[in-house]
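>>> just to be clear, the model below is a prediction. Sequence and coordinates:
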Amino acid sequence: MKAEIIIDCKDPEIIIKSIKPDMDVNGKFDVELKKEKNALKLVVESKDMSGLLAAINSYLKMIKTLKELEEM
């Protein structure tokens, strides 16, 4: 299973650098963050739906928090 989510943000590179240290290999899912023009692309792959949803929820929460800090 695979999900791709595009998130608008001012500086996607800062968000990628901030999250990169927390992107560990756990075997339950794979996550990739890509910089696009004024957006961040989150790509999540998992063997099952629970892993996919867990990764999406975790990373979206981190991205949301970082976007809020960016706007301050």
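Everything's here; your move.

>>> which parts of the longest helix anywhere in the chain are buried?
What stands out as the longest helix in the chain, according to DSSP state H, is helix 49-71. By neighbour count, and taking 16 or more other C-beta atoms under 10 Å as the criterion, the buried residues in helix 49-71 are 51-52, 54-56, 59, 63, 66-67. Any C-beta I mention is one placed from the backbone N, CA and C, and that applies to glycine too.

>>> closest to M23 out of the residues you listed?
Nearest to M23, judged by C-beta to C-beta, of these is Y59 at 8.7 Å.

>>> now do the same contact list for the nearest residue to the closest one once chain neighbours are set aside.
Nearest residue to Y59 in three dimensions, chain neighbours excluded: L42, at 5.8 Å (C-beta to C-beta, 6 or more residues apart in numbering). With contacts defined as C-beta atoms under 8 Å, 6 or more residues apart in numbering, L42 is in contact with 3-7, 31-33, 56, 59-60, 63.

>>> and those as a markdown table, adding pLDDT and distance to M72?
Shown next, in a markdown table, are the contacts of L42 (pLDDT from 0 to 100; distance: C-beta to C-beta, whole Å):
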| residue | pLDDT | distance to M72 |
| --- | --- | --- |
| A3 | 97 | 29 |
| E4 | 97 | 28 |
| I5 | 97 | 23 |
| I6 | 97 | 23 |
| I7 | 95 | 18 |
| V31 | 92 | 26 |
| E32 | 93 | 27 |
| L33 | 94 | 21 |
| I56 | 95 | 25 |
| Y59 | 94 | 21 |
| L60 | 96 | 19 |
| I63 | 95 | 15 |
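
>>> wait, a strand at S18?
No - counting by DSSP: H, G, I helix; E, B strand; the rest coil, S18 falls outside a strand, being helix.

>>> show the contacting residues for the residue lying closest to it once chain neighbours are set aside.
Distances taken as C-beta to C-beta, 6+ apart put L66 closest to S18, at 5.5 Å, once the chain neighbours are dropped. L66 makes contacts with 14-15, 18-19, as judged by C-beta under 8 Å, 6+ apart.

>>> tell me the most packed of those, by neighbour count.
I15 (23 neighbours; other C-beta atoms under 10 Å).
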